[in-house]
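>>> no FASTA, just this:
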């Protein structure tokens, strides 16, 4: 075979050169890139802050304007808050309910109404706690003389035509008001009627009954409940609510 033939054969059997593999950046390289990026961002932030501080130092009156605006805004917010508190106090003092309004309420809203009437009378901490497992306490409150009130509410949608509050209802209140809730004054309030045995039981156990008539006087007037009830315990030592 001639030399030229051998060259042609060698050229046809030569394998193509392998492609070079491009290396992807490793985790270490990516981490370094992130660190560099964070350093650049931090440097830019420091530069911007430094420029802002320099500008403010050169224009110090801007700080005075910002401070004055902040004081004016805070004063306006405090003034509106005080006005809202005054309006709420006026609304609470003038709170009135007619018996027809109370009859139309849902039983939970009736408890809210009793709570609001106690707040009107000066019991700033009056709260509704009625619901499942309330253990006979629907409203709790501390009057301005430091006495703790526990009130059980019995709402009757039909008013006097509804079922009467009986001795069992008073027994529940008697069993939990003082022992569980620490009541000085235990009261049951209803927009309906109360049976004679229940009234007798209440007198025996030093419980107070607010029936439909007494509720009408209390809800439509401005007298606190303790001025309408008889044999209310004497005031305790004056508290922060006094």
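Structure's in. What do you need? Just so it is clear, the structure is predicted and the values come from calculations on it, not from any experiment.

>>> Quick check on the residue nearest the centre of the chain: phi, psi?
Nearest to the geometric centre of the chain sits residue 127, at 12.1 Å (CA atoms, centre = their mean). Per-residue torsions, residue 127: phi -140, psi 140 (degrees, to the nearest 10).

>>> Specify the beta-bridge partners of it.
Beta-bridge pairing of residue 127 under DSSP bridges involves residue 140.

>>> for it, what are its contacts?
Residues counted as contacts of residue 127 (CB atoms under 8 Å, 6 or more residues apart in numbering) are 115, 139-141. For glycine as for every other residue, the C-beta is placed from the backbone atoms N, C-alpha and C.

>>> Domain map for the chain?
The chain is divided into the following domains under automatic domain parsing: 31-91, 99-228.

>>> Nearest to residue 236 among those would be which one?
domain 99-228 (3.4 Å; CB to CB).

>>> So what would you say the end-to-end distance of that closest one is?
17 Å (CA to CA, to the nearest Å).

>>> what separates that domain from the chain centre, distance-wise?
24 Å (CA atoms, centre = their mean, to the nearest Å).

>>> residue ranges for the strands of this protein, please.
For the chain, strands defined by DSSP state E occupy the ranges 127-128, 139-142, 148-154, 185-190, 208-210.

>>> Same list (those strands) but as a markdown table, adding distance to residue 49 and mean pLDDT.
Shown next, in a markdown table, are the strands of the chain (distance: least, CB to CB, whole Å; pLDDT from 0 to 100):
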| stretch | distance to residue 49 | mean pLDDT |
| --- | --- | --- |
| strand 127-128 | 49 | 96 |
| strand 139-142 | 53 | 96 |
| strand 148-154 | 57 | 96 |
| strand 185-190 | 63 | 97 |
| strand 208-210 | 67 | 97 |
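
>>> Let's have these in a markdown table, adding distance to residue 81.
What follows is the strands of the chain, written out as a markdown table (distance: least, CB to CB, whole Å):
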| stretch | distance to residue 81 |
| --- | --- |
| strand 127-128 | 22 |
| strand 139-142 | 24 |
| strand 148-154 | 29 |
| strand 185-190 | 33 |
| strand 208-210 | 35 |
